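**Student:** Model the following, please.
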Amino acid sequence: MTTSQIPFTEEALKTIVVEEFEIPADQLTEDATLETLGLDSLGLLELLVAIEAQTHKEISGMDLPISPNTPYHEAARIVTHAVAEAPAVGSGEPVAE
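**Tutor:** The predicted structure follows:
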């Protein structure tokens, strides 16, 4: 099974947010928005690129209904669904950051 075939879960997203953006896991609460977590529009794009690098799926060009004001848990649901639906990029090589 290649990396692009492994399901991308909310737990995998949480790991990226915690490791890449150094946001403590306990801040990923029900009422936290991406903006309160420190993710503005640029941060959101950086998050999508980090997800692409891990999953080998292209989602940054998708018209995802998320913004810095989106609650984290809603964004997590949207992003995990988008990754499941997104096409694999290339031959399994990481997406350039």
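
**Student:** wait, what's in contact with residue 67?
**Tutor:** When contacts are counted by Cβ atoms under 8 Å, 6 or more residues apart in numbering, residue 67 is found next to 34, 41, 44. Bear in mind the C-beta positions are built from the backbone N, C-alpha and C, glycine included.

**Student:** so what's the first one closest to, chain neighbours aside?
**Tutor:** If you skip the residues right next to it in sequence, residue 34 has residue 68 as its closest partner in space, 4.9 Å away by Cβ to Cβ, 6 or more residues apart in numbering.

**Student:** Need the three-state assignment for that neighbour.
**Tutor:** Per DSSP: H, G, I helix; E, B strand; the rest coil, the local secondary structure of residue 68 is coil.

**Student:** mind checking how far it is from residue 52?
**Tutor:** As for residue 68, its distance to residue 52 is 19 Å (criterion: Cβ to Cβ, to the nearest Å).

**Student:** same question, residue 88
**Tutor:** From residue 88 to residue 52 the distance is 11 Å (Cβ to Cβ).

**Student:** Distance of the closest residue to residue 60 other than its chain neighbours relative to residue 41?
**Tutor:** Nearest residue to residue 60, sequence neighbours excluded (Cβ to Cβ, 6+ apart): residue 48, at 4.3 Å. Counting by Cβ to Cβ, the gap between residue 48 and residue 41 amounts to 11 Å.

**Student:** same check, this time on residue 18
**Tutor:** From residue 18 across to residue 41, the span is 21 Å (Cβ to Cβ).

**Student:** okay, those two: which has more neighbours?
**Tutor:** residue 18 (15 against 11; other Cβ atoms under 10 Å).

**Student:** Residue 68 and residue 52: which is more packed in?
**Tutor:** Comparing residue 68 with residue 52 by other Cβ under 10 Å, the one with more neighbours is residue 52, at 21 against 17.

**Student:** Tell me which other helices or strands the helix or strand where residue 53 lies touches.
**Tutor:** Assignment of secondary structure by DSSP states H and E places residue 53 within helix 41-55. Packing contacts for helix 41-55, counted by 3 or more Cβ pairs under 8 Å, 6 or more residues apart in numbering; DSSP states H and E, involve helix 10-21, helix 72-85.
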